[in-house]
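Enquirer: Compute the structure for the input listed below.
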Amino acid sequence: MSPEQKEFMSLLLPPARLSQEQAAWYLGFQVHDIPVLVAVGLLKPLGKPVPNGLKYFASVELRRLRDDAKWLARASDAIAAHWRRKNRTSTGCLGRTLKRSNNRTRGTEMDAEAADASPVSASA
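Expert: Next up is the predicted model:
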C-alpha cells in the first residue's frame, strides 16, 4: 500500500468528490478496474465527462455501493468477465492474434506458421 493510499484510507471523512484512483482505493478495486465498471454501467461518474477526460465520483454514492454486497458481487463478476474476454484472445510475438482454447495457447500452430515463414536453404 502506497503512502498516499494509507493517508487516504486513514481519513475519517473522505472528500465529497473522489478521483478514479481514490474511488478504486475506497471500493477495494484496482485502478484499472474502474473504467470497466463505468463501461458496464455499474459505476457512474459525476457530470458528463468526455470519454478520455478525468472522471470523479461522489463519495456518498461510493459509500452506498461499498456497503452493498450484491453490488460488490456484480462488480467482481463484471471484472472477471472482462478479463476472461480480454484473455480469450491475445497477440503473439509475430503480431498474429492467437485464439486460446482451454486456457492454453496453441503454440504448435504458431511454431508451424513461424517455420513456414522462415527461409530454409535447400542445400542443407
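
Enquirer: those helices in this structure, which residues are they?
Expert: For the chain, the helices defined by DSSP state H cover 3-9, 20-27, 34-39, 59-66, 69-88, 107-117.

Enquirer: name the helices or strands packed onto the fourth one?
Expert: In terms of contacts (3 or more CB pairs under 8 Å, 6 or more residues apart in numbering; DSSP states H and E), helix 59-66 is packed against strand 17-19, helix 20-27, helix 69-88. Just so you know, the C-beta spots here come from the backbone N, C-alpha and C atoms, and that holds for glycine as well.

Enquirer: quick check: angle from that helix to helix 20-27?
Expert: Orientation check (axes from the mean of the first three to the mean of the last three CA atoms, to 10 degrees): helix 59-66 against helix 20-27 gives 40 degrees.

Enquirer: Residues contacting helix 59-66, please?
Expert: 14-18, 23, 26-28, 43-44, 71-72, 75 (CB atoms under 8 Å, 6 or more residues apart in numbering).

Enquirer: quick one: which of the helices of the chain is nearest Gly53?
Expert: In terms of CB to CB, the element of these nearest to Gly53 is helix 20-27, at 10.7 Å.

Enquirer: what is the rounded mean pLDDT of that closest one?
Expert: In this model, helix 20-27 has an average pLDDT of 93.

Enquirer: Which of the helices of the chain sits closest to Pro51?
Expert: Minimum separation from Pro51 across these (CB to CB) falls at helix 34-39, 10.0 Å.

Enquirer: Return the set of buried residues in that closest one.
Expert: Buried residues in helix 34-39, counted by 16 or more other CB atoms under 10 Å: 34, 36-38.

Enquirer: CA atoms only: put that helix into CSV for me.
Expert: Extracted in CSV, the C-alpha atoms of helix 34-39 (Å, rounded to 0.1, in the frame of the first residue of the first chain):
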residue,chain,number,x,y,z
ILE,A,34,-12.8,1.5,-12.6
PRO,A,35,-13.1,2.1,-16.4
VAL,A,36,-14.5,-1.5,-16.7
LEU,A,37,-17.2,-0.8,-14.0
VAL,A,38,-18.1,2.5,-15.7
ALA,A,39,-18.3,0.8,-19.1
